[in-house]
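Engineer: return atomic coordinates for the entry below.
(chains A, B, C and D)
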Protein chains: 2
Amino acid sequence: MATMQDVARLAQVSVSTVSYVLTGARPISQATRDKVLAAMAELDYQPNAMARGLASRRSRIVGLLLPMDERGLGATETAFVTGAAAGASAAGYHLVLAPIGVGDRDELRRLASQRMFDGALLMEVQLRDPRVDVLRELGVPLVLIGRTADTTDLSYVDIDFDRTVAEAVGHLVDLGHRRIVYVNHSAGTIAEGYGPALRTRDAFTAAMAAHGLEPLMIPAEDSAAGGRSALATALRQAPDLTAILAMNESAVFGLLGELHRRGLRVPDDVSVISMVTSPQVAELATPALTAMNSPGTALGRIAIETLLRHVDGGHREIHQQLLPCALQVRGSSGPPRTAGTAYPGAGGRQRPGPGSRAARRSAATARRP
Amino acid sequence: MATMQDVARLAQVSVSTVSYVLTGARPISQATRDKVLAAMAELDYQPNAMARGLASRRSRIVGLLLPMDERGLGATETAFVTGAAAGASAAGYHLVLAPIGVGDRDELRRLASQRMFDGALLMEVQLRDPRVDVLRELGVPLVLIGRTADTTDLSYVDIDFDRTVAEAVGHLVDLGHRRIVYVNHSAGTIAEGYGPALRTRDAFTAAMAAHGLEPLMIPAEDSAAGGRSALATALRQAPDLTAILAMNESAVFGLLGELHRRGLRVPDDVSVISMVTSPQVAELATPALTAMNSPGTALGRIAIETLLRHVDGGHREIHQQLLPCALQVRGSSGPPRTAGTAYPGAGGRQRPGPGSRAARRSAATARRP
DNA sequence: CTGAAAGCGCTAACAT
DNA sequence: ATGTTAGCGCTTTCAG
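Structural biologist: Next up is the predicted model:
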C-alpha cells in the first residue's frame, strides 16, 4: 500500500505538496500537479482514511441514528436510509448505521465522544429528543429527519403533513365524498407524542373543517389486525362513511381485507387512500392503493446534503424544509356510490353497480346540499 | 475533549499503561488499573477513534456492500441490514452502508484501499462476483450473504433453499396437492445467474421429483403485474393446478389479486405459499400468506459475527452456514378442493364450498391414484 | 508556489 | 508490572 511519502518521492516533491494537490487547500502549479497526479496513478495511491481523519479531525463519516429495536424498518424508512447512503457516498462520505434511539442517550454520548462522526442524521425523532441535546453539547452537527417540538436553531427535513393531508382530503372531497374517516396510528403512539400521528391528526381536523365537514379519527395498531378492528370501529361510529384515509401502511391492508370480508367493494362502496406510503407497497394491494407517495429517498438525500453543508462549510444557517407526499391515484379511490347524481361534474369513474349499502349512506346523503 | 495524555497525567502513570488497560493487551495490576479507570471516569475520557485506528491499523469499521440502484430494499434485505448493524454495534464495531454492487469494481477498489474497512459483508451476491476478487487481493476479510458459484476458501451464510423448497413442497403435498406450480423471479434474473432463482428452481424440480410429481416453473417479473400475468400463464399451462409456490414478494400479491379477480378463492381453490418472505409482508395479504419466513435478522447477525471472527482473531477457518426459512402456516394454504375425499387424513380445513372449477381440475383428479 | 517540520492521539515494540 | 519512545500517514502551520 503506497503512502503519501512514496508519491512525494516518486514525484520529487514534498509530502505537503502531495497533500495540497489532494485537498486543494492551496494553489499548485499545473506542472507539479501533473507530476504528482502521475505518481499517484503510477502507485495506485489512495489516501489512508484513518491518517487523514486523525490529522484533519474530520472522519468523513456521518452517523445515521435510528432505533432498530422494533420489527424492522418500513419501506418509507428504508427509503430514507438508502437515500442518505447514496447521498453520502456521492459526496465522498461514509454513512454509519447506528442503532441509537431516543432512549440511548449515554450510548450516543459515548459514540459521539469518540469523534468518529463528523455529523449525524436523526431518524424517528420524538417531539422531545434527548439525542439532540447530547450532540449539541458535544458540538456534533446534526439534521433531523422529522421534527422535535422546538426546532429553534435546528435543521430538519420532514414530510409536509399539512399539505399531504389537505391534498388527500381534497381529492376525496372533489370526488364527492363527505363522510371521511381518518385511521391514524395507535392511541399509544399518539399519546407518547409521535409527531406524524399528531400532525396528521390536526391537519385532518383542519382540512375537514375547511370543507365544512366533521372529522372522525380512529386510532389503529400498526398491523393488519389493527386495521381490521379500526374498520369495525369506523363503521360503528360512522355507518355512513364513504371514504377512509389511512396513515398506517400495515393497518391499511387489514382494513382492505376487512372491507372485502364484509362485502364492501373498493372503491365502489368505500374509497381508501393510504398516506405516506411507498409506491412499492401501494402496488401490492388489490386494487392498487391510491396513495400519498412518501418522498423517502429525496428526504434522505436532502438531509445528507444539508448535514454536509454544515459539516463541510461550517455553514451555520439552519435549513428547514418540508416535502409533501404526492398524490398518486391508483385503483382504491373513486366517487362515492351516489356521487354521480349529486355531483355530476366531480370527475372519476361512475360505477353505480348493485346497491347494498343504501340504508347506511342515508345520513351522508342527507348532509348534502 | 480529554486525551490519553490527560488520563495518564491525572492517574500518574504513563500513556502506555492507560492504553494497555484499555486494550487489555498486557497485564496491569489491579491498583493501577483502578487509578486509571478512575481518571478516565473523572475526565469522561473516550478514546479517539481515528487515532486508535491509525495506530492499530484497525478501524473497527466494517462495510456492508450492497447495490442500491434499483427500487429500494425488500423487507428481507432490510432485515439483513438491521441484523448486521445490531450485531456490529453489539461487538463495538461500526457498520458502514456502502452502495456498491457487483458492477462497482473500481469504486470498491478505491474504497477498500483507503483502509477504512476492517472487513466487508457482501449482499446481493452474484454467482460470479468481482467484489470478492478485489477484496481478496487487498487482503480485506469478507463474508458473503449469499453464495458465489465457487465458494472455496470463502465464508458465507445463506438461506438453505433446498430445505426451504423441500419443506414448502412437503407441506403442500401433505395437504394433498399434486399439481403445484412454482412462480420464480423473472427470466432475465434467472438468465443473469441470480443464485436464489437458480437454486430454488433446481430444488423445486428435485422436490417434486421426490414426490413423483411433475414440476412446472413460471418466471415472473418482480411486480404485481408480473404476478398477474404469471398466474394467467400458469392457468394456461396447468389448468388443473391447485397450489402455487411463489418466490417473489411483489409478484405474489399480484397473483393473489388476479386469483381473486378470476373468482378463485384462496386457499379453497388454490393454495399459495410465499417463499423467503418476512412475516410483516406475509401478514399484509388477505388471507395472510402461509410462507417460509426468511431468517433475515439472524443471517445478518451470524454474518457479522463470522466476519468479526475473521477480523479480530485472524481466524482463518472458513465458516459456511445455511439457514432454512421456517414454514409458518397462515391462511393461504389448505387442502385442495377434492382432497377431503382423496386424502381423508391429510389434515387442515375441509371447505367444499360451491364448485366452480370442477372441469378444470379433471386432469389433476385423473392423475390421482 | 513549494518545502520542512510539528503534531493529530493512540498503539506497540523495546526497555527495565 | 510499568515506562519510554518511535512511529501510524496525513494535515497544516511556519518559512521561504
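Engineer: quick one: the helices in the stretch 151-300 of chain A?
Structural biologist: Using DSSP state H, counting those that start in this stretch, the helices of the stretch 151-300 of chain A run over residues A:161-175, A:187-191, A:195-210, A:224-237, A:249-261, A:279-284, A:296-313.
Engineer: could you redo these as JSON lines and give each row distance to DNA strand C and mean pLDDT?
Structural biologist: Placement of C-beta: from N, CA and C, glycine included. Listed next are the helices of the stretch 151-300 of chain A as JSON lines, based on distance: least, CB to the nearest atom of the strand, whole Å; pLDDT from 0 to 100:
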{"stretch": "helix A:161-175", "distance to DNA strand C": "43", "mean pLDDT": "97"}
{"stretch": "helix A:187-191", "distance to DNA strand C": "41", "mean pLDDT": "91"}
{"stretch": "helix A:195-210", "distance to DNA strand C": "37", "mean pLDDT": "95"}
{"stretch": "helix A:224-237", "distance to DNA strand C": "49", "mean pLDDT": "94"}
{"stretch": "helix A:249-261", "distance to DNA strand C": "44", "mean pLDDT": "91"}
{"stretch": "helix A:279-284", "distance to DNA strand C": "44", "mean pLDDT": "89"}
{"stretch": "helix A:296-313", "distance to DNA strand C": "18", "mean pLDDT": "93"}
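Engineer: just those helices: most buried one?
Structural biologist: Comparing those by mean neighbour count (mean count of other CB atoms under 10 Å in any protein chain shown), helix A:249-261 ranks first with a mean of 24.
Engineer: what's that one packed up against?
Structural biologist: With contacts taken as 3 or more CB pairs under 8 Å, 6 or more residues apart in numbering or on different chains; DSSP states H and E, helix A:249-261 sits against strand A:180-184, helix A:224-237, strand A:243-246, strand A:271-277, helix B:279-284.
Engineer: reformat the helices of the stretch 151-300 of chain A as JSON lines; add distance to B:Val329.
Structural biologist: Below are the helices of the stretch 151-300 of chain A laid out as JSON lines (distance: least, CB to CB, whole Å):
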{"stretch": "helix A:161-175", "distance to B:Val329": "37"}
{"stretch": "helix A:187-191", "distance to B:Val329": "30"}
{"stretch": "helix A:195-210", "distance to B:Val329": "34"}
{"stretch": "helix A:224-237", "distance to B:Val329": "16"}
{"stretch": "helix A:249-261", "distance to B:Val329": "18"}
{"stretch": "helix A:279-284", "distance to B:Val329": "21"}
{"stretch": "helix A:296-313", "distance to B:Val329": "33"}
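Engineer: looking at the ones you listed, which is closest to B:Thr306?
Structural biologist: helix A:296-313 (29.5 Å; CB to CB).
Engineer: quick check: mean pLDDT of the very next helix or strand once past that closest one?
Structural biologist: Next in sequence after helix A:296-313, counting helices and strands by DSSP states H and E, comes strand A:320-323. Averaging pLDDT along strand A:320-323 yields 97.
Engineer: list the strands paired with the helix or strand that strand A:320-323 is followed by, with their directions.
Structural biologist: Following strand A:320-323 in sequence order, the next helix or strand is strand A:326-328 (DSSP H and E). Sheet pairing for strand A:326-328, assigned by DSSP bridges, gives strand A:290-293 (antiparallel).
Engineer: what's the burial count for the residue nearest to A:Thr242 when sequence neighbours are not counted?
Structural biologist: Nearest non-adjacent residue to A:Thr242, counting by CB to CB, 6 or more residues apart in numbering or on different chains: A:Pro336, 3.9 Å away. Residues lying near A:Pro336 (other CB atoms under 10 Å in any protein chain shown) number 29.
Engineer: quick check: end-to-end length of stretch A:117-125?
Structural biologist: Terminal residues of stretch A:117-125 lie 19 Å apart, using CA to CA, to the nearest Å.
Engineer: check whether it contacts DNA strand D.
Structural biologist: No: using CB under 7 Å from any atom of the strand, stretch A:117-125 stays clear of DNA strand D, with a minimum separation of 12.5 Å.
Engineer: chain center to that stretch, what's the gap?
Structural biologist: For stretch A:117-125, the separation from the chain centroid amounts to 14 Å (computed by CA atoms, centre = their mean, to the nearest Å).
Engineer: is A:Gly63 within a helix or a strand, and which one?
Structural biologist: Using DSSP H and E, A:Gly63 sits in strand A:61-65.
Engineer: so which bits of the helix or strand following that strand are buried?
Structural biologist: Using DSSP H and E, the helix or strand that directly follows strand A:61-65 along the chain is helix A:75-90. Going by neighbour count (16 or more other CB atoms under 10 Å in any protein chain shown), the buried part of helix A:75-90 is A:75-89.
Engineer: and helix A:75-90, what does it pack against?
Structural biologist: On a contact count with 3+ CB pairs under 8 Å, 6+ apart, helix A:75-90 meets strand A:61-65, strand A:94-98, strand A:271-277, helix A:296-313, strand B:94-98.
Engineer: identify the residue of the stretch 101-250 of chain A closest to DNA strand C, quick one.
Structural biologist: Relative to DNA strand C, the nearest point of the stretch 101-250 of chain A is A:Arg115 (7.8 Å; CB to the nearest atom of the strand).
Engineer: tell me the pLDDT of that residue.
Structural biologist: Predicted confidence (pLDDT) for A:Arg115: 96.
Engineer: name the residue most distant from the centre of chain A?
Structural biologist: In terms of distance from the mean C-alpha position of chain A, A:Gln12 ranks first, at 51.7 Å (CA atoms, centre = their mean).
Engineer: thought that one was touching A:Val36?
Structural biologist: No: the criterion here is CB atoms under 8 Å, and A:Gln12 misses it with A:Val36 at 9.6 Å.
Engineer: now stretch A:241-249 - C-alpha only, CSV.
Structural biologist: C-alpha atoms of stretch A:241-249 as CSV (Å, rounded to 0.1, in the frame of the first residue of the first chain):
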residue,chain,number,x,y,z
LEU,A,241,-68.7,6.6,5.7
THR,A,242,-67.7,6.6,2.1
ALA,A,243,-64.0,7.1,2.3
ILE,A,244,-61.1,6.2,4.6
LEU,A,245,-57.8,8.0,4.9
ALA,A,246,-55.2,5.7,6.5
MET,A,247,-51.9,6.7,8.0
ASN,A,248,-50.6,3.2,8.6
GLU,A,249,-49.1,1.0,6.0
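Engineer: please compute how far it lies from its chain's middle.
Structural biologist: 19 Å.
Engineer: strands of the stretch 1-150 of chain A, residue ranges please.
Structural biologist: Assigned by DSSP state E, counting those that start in this stretch, the stretch 1-150 of chain A shows strands spanning A:61-65, A:94-98, A:119-122, A:142-145.
Engineer: can you give me the neighbour number for the nearest residue to A:Met217 once chain neighbours are set aside?
Structural biologist: Spatial nearest neighbour of A:Met217, excluding adjacent residues (CB to CB, 6+ apart): A:Tyr182 at 4.6 Å. Using other CB under 10 Å, A:Tyr182 has 27 other residues around it.
Engineer: swap in A:Met217?
Structural biologist: By other CB under 10 Å, the residues close to A:Met217 number 19.
Engineer: residues in contact with it?
Structural biologist: With contacts defined as CB atoms under 8 Å, 6 or more residues apart in numbering or on different chains, A:Met217 is in contact with A:Val181, A:Tyr182, A:Val183, A:Asn184, A:Arg201, A:Phe204, A:Thr205.
Engineer: surely the first one touches A:Glu214?
Structural biologist: It stands for A:Val181. No: the criterion here is CB under 8 Å, and A:Val181 misses it with A:Glu214 at 10.5 Å.
Engineer: these two - which one has more neighbours?
Structural biologist: Legend: neighbour count by other CB under 10 Å for A:Val181 and A:Glu214, higher for A:Val181 (23 against 13).
Engineer: for that one, give me its contacts.
Structural biologist: If a contact means CB under 8 Å, 6+ apart, then A:Val181 has A:Leu216, A:Met217, A:Ile218, A:Ala234, A:Gln237, A:Ala238, A:Leu241, A:Ala243, A:Ile244, A:Leu245 as its contacts.
Engineer: out of those residues, which end up buried?
Structural biologist: Listed as buried from the contacts of A:Val181 are A:Leu216, A:Met217, A:Ile218, A:Ala234, A:Ala238, A:Leu241, A:Ala243, A:Ile244, A:Leu245; burial here means 16+ other CB under 10 Å.
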